[in-house]
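**Student:** Got a predicted structure plus its sequence, pasted below:
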Amino acid sequence: MIEQAVADLERITQAEDRLRRERLLAVARARAAGLSWETIGRSMHLTRQSAWERFAPLLEALESSWTDATLTEEEALAISRPALQAVRQERRARTLKA
């Protein structure tokens, strides 16, 4: 029973990681196609500002990593993880101040 619970948690975490990567790539494609942050945000039930705050730093890190053609997509996404963590830490700090 415990092993099944652990396996379930691992499987769900892996699925969430895949979805996060897919969402980031979808946002990157949307921006490349010229969609506004307002349109992107609305499609994800976010404000324009929230969408920008959440994804702009990640896209910047992702785009800068793509300039090195030797990186795979997985490696590029791994580089963007620290940017995501920084955004989350900044949000936590703002929440604690409020």
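**Tutor:** Received, thanks. Numbers count the residues shown, from 1 in each chain.
**Student:** drop to CA atoms for contacts and neighbour counts, all remaining ones
**Tutor:** Fine.
**Student:** C-alpha coordinates for the one helix or strand Glu38 maps to, PDB please?
**Tutor:** Per DSSP states H and E, Glu38 falls inside helix 37-43. C-alpha atoms of helix 37-43 as PDB (Å, rounded to 0.1, in the frame of the first residue of the first chain):
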ATOM      1  CA  TRP A  37       0.300  38.500 -23.000                       C
ATOM      2  CA  GLU A  38      -3.300  39.500 -22.500                       C
ATOM      3  CA  THR A  39      -4.500  36.700 -24.900                       C
ATOM      4  CA  ILE A  40      -2.100  34.200 -23.400                       C
ATOM      5  CA  GLY A  41      -3.100  35.100 -19.900                       C
ATOM      6  CA  ARG A  42      -6.800  34.900 -20.700                       C
ATOM      7  CA  SER A  43      -6.400  31.400 -22.200                       C
END
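**Student:** Which secondary structure elements does that helix sit against?
**Tutor:** If contacts are counted by 3 or more Cα pairs under 8 Å, 6 or more residues apart in numbering; DSSP states H and E, helix 37-43 sits against helix 2-32, helix 48-66.
**Student:** what's that helix in contact with?
**Tutor:** If you take Cα atoms under 8 Å, 6 or more residues apart in numbering as the criterion, helix 37-43 is touched by 27, 30-31, 47-52.
**Student:** on that earlier part again, Serialize the helices and strands packed on helix 37-43 to JSON lines and add fields for mean pLDDT and distance to Leu96.
**Tutor:** Converted to JSON lines, those look like this (pLDDT from 0 to 100; distance: least, Cα to Cα, whole Å):
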{"stretch": "helix 2-32", "mean pLDDT": "90", "distance to Leu96": "25"}
{"stretch": "helix 48-66", "mean pLDDT": "83", "distance to Leu96": "18"}
